[in-house]
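Q: predicted model, plus sequence, below.
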Amino acid sequence: MAMNAPRGTQDILPGTVEKWQYIEDTLRDLSHRFNYKEIRTPIFEHTELFQRGVGDSTDIVQKEMYTFEDRGGRSITLRPEGTASVVRSFVQNKLFGLANQPTKLFYFGPMFRYERPQQGRYRQFVQFGMEALGSEDPAVDAEVLSFAMKAYEELGLTSLKLVLNSLGDQESREAHRQALVNHFSPHKEELCSDCQLRLEQNPLRILDCKKDKDHPAMETAPSILEYLNEASQTYFSQVKRYLDAMGIHYVVDPNLVRGLDYYNHTAFEIMSEAEGFGAITTLSGGGRYNGLVEDIGGPDTPGIGFALSIERLLMALEAEGVELPTEETLDCYVIAMGEKAEIEAVKLVDQLRSNGLQVDKDYLHKKMKAQFKAAGRLKANKVIVLGDREIDEGVGNVKDMGSGEQKEVKLEEIVRELKEEKEE
Ligand code: HAM
């Protein structure tokens with residue numbers, strides 16, 4: 001039986017991986033401009049971290065985690081997201097004690113969720129995320145939002161929608177929670193079994209239920225925005241004021257609740273509005289999580305961040321017909337004909353590579369014509385032909401594949417000449 005990769009995972013092959021690299025380079029460059037530093041945390045953590053961090057009542061923790069016992073009897077989970085791990089590391093490594101605050105971090109890496117695979121939904125997917133810890137300035141919220149939008153725009157996307165909401169502070173959330181309980185309780189029996197549980201554990205999540213979305217009580221559900229206390233209202237207005245100042249467009253949607261428990265105040269998602277994008281249109285999401293650092297055992301520290309998945313970003317690029325500039329070329333392809341020439345070719349290829357050129361040669365002993373074809377397919381700028389006659393005369397035949405021009409160059413001068421040409 002042939003072996004396939006597990007459901008919901010994929011191989012990223014040459015030809016596609018260049019797109020990933022281009023995206024990663026762009027996001028790294030942007031992070032650098034925003035002065036965020038990279039952090040790398042383990043792919044697995046103690047299960048308790050996500051139970052406490054992401055929240056016991058979330059779908060992620062209840063249904064989607066890859067959890068197993070290791071040989072030492074500890075419960076381990078493959079990370080379903082990055083925020084809890086970054087916060088754990090922030091606390092463990094006492095990054096809150098560093099002179100420069102807020103601590104601004106970004107990360108790349110695979111995340112794991114046992115979800116039903118479909119287009120844009122994988123069981124292993126790669127997130128890019130960023131977290132700013134240690135400031136409760138609404139300008140930081142605006143900075144993260146600006147980053148998220150710029151990331152997509154710099155990669156060439158235009159059909160984007162930024163959806164914004166405020167979940168308020170603890171007091172506002174509590175008031176809203178009570179209002180939701182009062183509103184949905186008379187309909188309890190009509191709601192799905194998950195929502196019946198949510199009514200007790202986390203009524204806000206009812207608003208995000210796919211099964212009950214057409215229930216009439218959904219439309220009349222109390223909006224969080226009506227329950228924001230003054231401080232939360234002021235905070236939300238300030239975030240919006242900064243976005244307006246930067247010319248960032250957004251729509252406010254009071255039903256945007258997000259699937260993780262740690263959020264308060266700002267919550268947002270960025271959607272693709274490209275035609276033919278598919279059913280799942282969310283490209284990224286994030287928000288503020290004051291309180292999470294404390295929940296994970298650190299000092300009271302505010303935080304905000306967001307994450308996107310590269311898989312969905314690639315889908316959006318495809319839907320909008322954006323071609324990333326990822327064409328691969330080769331500086332030089334070396335063709336050898338004859339035994340003496342073969343040794344000289346191996347040596348020359350090696351020297352060219354040591355001098356910074358991107359070089360390849362044939363390893364299948366193909367005929368000259370087939371080797372030229374290979375050079376063409378690899379988009380080589382130059383082809384060097386070495387035959388036994390050329391070796392005896394101490395020269396190589398250098399062909400410029402663009403102009404078709406050919407010339408003999410002394411063997412000892414080839415490396416210098418090609419290097420100089422590349423540098424020009
Ligand atoms: P999230 O909304 O669960 O948030 O995930 C963020 C993004 O990851 C989603 O918008 C989506 O693009 C992508 N994503 C999620 N699940 C899948 C999947 N199964 N397949 C492909 N892509 C997926 C978080 O993870 C938070 N940690 C974000 C955050 C950072 N909040 C504050 N800081």
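A: Arrived safely, thanks for sending.

Q: now Ala316. Nearest residue, chain neighbours left out?
A: Computed as CB to CB, 6 or more residues apart in numbering, the closest residue to Ala316 that is not its neighbour in sequence is Ser272, at 4.3 Å. The way it works is simple: take the backbone N, C-alpha and C, and place the C-beta from them, glycine included.

Q: for the ligand, see how far away the one you found is.
A: 10 Å (CB to the nearest ligand atom, to the nearest Å).

Q: now that residue: phi and psi?
A: phi -90, psi 130 (degrees, to the nearest 10).

Q: which helix or strand contains the residue in the stretch 251-400 of the chain that the ligand sits nearest to?
A: In the stretch 251-400 of the chain, the residue that lies nearest the ligand is Gly305 (2.7 Å; CB to the nearest ligand atom). Following DSSP states H and E, one finds Gly305 within strand 303-309.

Q: and if you look at Asp331?
A: Assigned by DSSP H and E, Asp331 belongs to strand 330-337.

Q: quick one: contacts of that strand?
A: Here strand 330-337 makes contact (CB atoms under 8 Å, 6 or more residues apart in numbering) with 342, 344-345, 348-349, 352, 357-362, 368, 371-372, 374-375, 378-388, 418, 422.

Q: change it to 7 Å
A: 342, 345, 348-349, 352, 357-362, 368, 371, 375, 378-387, 418, 422 (CB atoms under 7 Å, 6 or more residues apart in numbering).

Q: what does the stretch 251-400 of the chain have sitting close to the ligand?
A: 259-260, 282-287, 305-309, 311-312 (CB under 6 Å from any ligand atom).

Q: one more pass at 8 Å, please.
A: Listed as neighbours of the ligand in the stretch 251-400 of the chain under the rule CB under 8 Å from any ligand atom: 258-260, 262-263, 269-270, 282-289, 303-309, 311-313.

Q: which parts of the host helix or strand of Phe147 are buried?
A: Secondary structure assignment for Phe147, by DSSP H and E: helix 138-154. Buried residues in helix 138-154, defined by neighbour count with 16 or more other CB atoms under 10 Å: 138, 140-152.

Q: also stretch 60-73?
A: Counting neighbours by 16+ other CB under 10 Å, the buried set in stretch 60-73 is Ile60, Val61, Glu64, Met65, Thr67.

Q: filter those residues down to the ones in strands?
A: Thr67 (DSSP state E).

Q: let me know the closest of the buried residues of stretch 60-73 to the ligand.
A: Nearest to the ligand among the buried residues of stretch 60-73 is Ile60, at 7.0 Å by CB to the nearest ligand atom.

Q: from what I can see that closest one touches Glu115, true?
A: No. Counting by CB atoms under 7 Å, Ile60 does not reach Glu115; the two are 9.1 Å apart.

Q: show residues contacting the helix holding Phe147.
A: Residues from elsewhere that reach helix 138-154 (CB under 7 Å, 6+ apart): 26-27, 30, 34, 102, 130, 132, 160, 162, 235, 238-239, 242-243, 246, 248, 266, 268, 270, 283-284, 286, 288, 304-306.

Q: distance from that helix to the middle of the chain?
A: 14 Å (CA atoms, centre = their mean, to the nearest Å).

Q: okay, the strand holding Asp331 in PDB with CA atoms only?
A: Extracted in PDB, the C-alpha atoms of strand 330-337 (Å, rounded to 0.1, in the frame of the first residue of the first chain):
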ATOM      1  CA  LEU A 330      20.700  30.100 -12.500                       C
ATOM      2  CA  ASP A 331      23.800  32.200 -13.100                       C
ATOM      3  CA  CYS A 332      25.500  29.500 -15.000                       C
ATOM      4  CA  TYR A 333      25.200  25.900 -16.300                       C
ATOM      5  CA  VAL A 334      28.400  24.000 -17.100                       C
ATOM      6  CA  ILE A 335      28.400  21.400 -19.800                       C
ATOM      7  CA  ALA A 336      31.300  18.900 -20.100                       C
ATOM      8  CA  MET A 337      32.000  16.600 -23.000                       C
END
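
Q: in stretch 227-244, which residues are buried?
A: Tyr227, Leu228, Ser232, Tyr235, Phe236, Val239, Lys240, Tyr242, Leu243.

Q: pick out the most distant pair among the residues you listed.
A: The most widely separated members of these are Tyr227 and Tyr242, with 23.3 Å between them, by CB to CB.

Q: all helices for the stretch 101-250 of the chain, in order.
A: For the stretch 101-250 of the chain, the helices defined by DSSP state H, counting those that start in this stretch occupy 138-154, 170-184, 193-201, 216-219, 230-246.

Q: ok, which of the ones you listed comes nearest the ligand?
A: Smallest distance to the ligand across the helices of the stretch 101-250 of the chain (CB to the nearest ligand atom): 8.2 Å, for helix 138-154.

Q: and the closest one with helix 230-246, angle?
A: Put simply, helix 138-154 runs at 40 degrees to helix 230-246, going by axes from the mean of the first three to the mean of the last three CA atoms, to 10 degrees.

Q: tell me which parts of the stretch 51-200 of the chain are close to the ligand?
A: Residues of the stretch 51-200 of the chain lying near the ligand (CB under 8 Å from any ligand atom): 60, 80-84, 111, 113, 115, 120-123, 125, 127, 129-131.
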